[in-house]
Structures are given as structure tokens and as C-alpha cells.
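Novice: quick one, what's the 3D model for this:
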Amino acid sequence: MLHAPARSLELSPEQKKAIETGQLLLLSPFPAAQRRATAALAEKRNQVVWAIALAPLMAYAAPSGKTEVLAQNLIAQGKPLFTFESPNTENLLALGAKAVTPATALSYWHSLCEAIRSRS
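Specialist: Numbering: from 1, shown residues only. Next up, the predicted model:
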């Protein structure tokens with residue numbers, strides 16, 4: 001699991017344990033002093049997370065919104081982008097996102113994880 005807040009945060013004991021056991025990755029491009037989340041920080045965080053994602057799933061993007069612009073950029077870079085088939089995601093599908101169901105998404109990401117593990 002990846003947790004990428006748009007600000008710094010203090011870790012709970014559960015989060016610390018999950019990090020130690022390799023079940024949680026905490027990622028933040030922000031300094032520890034950054035305490036308040038802002039729209040600009042959230043946008044920066046989203047760009048970082050999407051940049052490192054191998055097969056991102058975008059459940060929704062408002063038409064002409066910042067998330068849709070991010071989707072356009074990902075697709076323009078040749079990154080696969082997945083979304084659910086729904087009237088609410090027609091804009092993403094029109095951009096070139098691939099439709100998945102929850103079951104096919106889980107199957108795809110499981111296969112992807114196995115392929116990554118086999119490289120190690």
C-alpha cells in the first residue's frame with residue numbers, strides 16, 4: 001500500500017509496523033515542516049504518485065478538471081491508464097483509458113506484482 005499525503009504527517013505505531021514489514025510505503029515530496037495540505041500541494045503529490053505508478057487506476061476525473069489534465073498527460077507519455085466503465089468515466093475512456101472491472105483490475109495488478117517479484 002502506498003500512502004502519499006499532501007503534507008507531512010506523524011506516523012502511528014501501526015503505520016510504523018507496516019513500513020517495517022514492507023506492507024506500507026510512505027512517500028512525500030514535502031519537508032517535515034509542511035503541516036497544511038493545499039490544492040497546490042495535492043496537485044504536486046498527485047504528479048509524483050502518477051509518475052511512479054506502473055499501471056494507475058483513475059476512478060474519476062471531472063471533465064476539464066486538473067485530474068483530467070493529469071490523465072491526458074499520462075496517456076500522452078504512453079503510460080497505461082485504467083478506469084472503470086461508467087457514465088462517470090466517459091471522458092477518461094475517450095482520452096484512451098482502458099476500462100476494467102474490479103475483478104479484471106485485481107487480476108491485472110496481481111499479474112503485474114508477480115512479474116515484478118520474479119525480476120528480483
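Novice: show me the chain divided up by domain.
Specialist: Residue ranges for the domains of the chain, per automatic domain parsing: 1-38, 53-120.
Novice: quick check: which of those domains is buried the most?
Specialist: Compared across these, domain 53-120 shows the largest average neighbour count, a mean of 14 (mean count of other CB atoms under 10 Å). C-beta coordinates here come from the backbone N, C-alpha and C atoms, glycine included.
Novice: pull the distance from it to the chain's centre.
Specialist: A distance of 9 Å separates the centroid of the chain from that of domain 53-120, by CA atoms, centre = their mean, to the nearest Å.
Novice: now do the strands in the chain.
Specialist: 2-3, 25-26, 82-84, 98-100 (DSSP state E).
Novice: nearest to V49, of those?
Specialist: Proximity to V49 (CB to CB) singles out strand 2-3 among the strands of the chain, at 7.0 Å.
Novice: in this protein, where's the longest helix?
Specialist: Taking DSSP state H as the criterion, the chain has its longest helix at helix 102-119.
Novice: show me what that one is in contact with.
Specialist: Outside helix 102-119, the residues that touch it by CB atoms under 8 Å, 6 or more residues apart in numbering are L54, A55, L57, F82, F84, V100.
Novice: widest-spaced pair of these?
Specialist: Among the contacts of helix 102-119, L54 and F84 lie farthest apart (CB to CB), at 18.6 Å.
Novice: flag the shaky bits of the chain, pLDDT-wise.
Specialist: 1-3, 6-8, 120 (pLDDT under 70).
Novice: which stretches of it form helices?
Specialist: According to DSSP H, the helices that the chain contains are 13-20, 39-52, 66-76, 90-95, 102-119.
Novice: one step back: tabulate the strands of the chain in TSV, adding columns for distance to V49.
Specialist: Output for the strands of the chain, formatted as TSV (distance: least, CB to CB, whole Å):
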stretch	distance to V49
strand 2-3	7
strand 25-26	11
strand 82-84	15
strand 98-100	19
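Novice: quick one: end-to-end distance for stretch 78-86.
Specialist: 23 Å (CA to CA, to the nearest Å).
Novice: no, scratch that, I was asking about stretch 77-86
Specialist: Start-to-end span of stretch 77-86 (CA to CA) is 24 Å.
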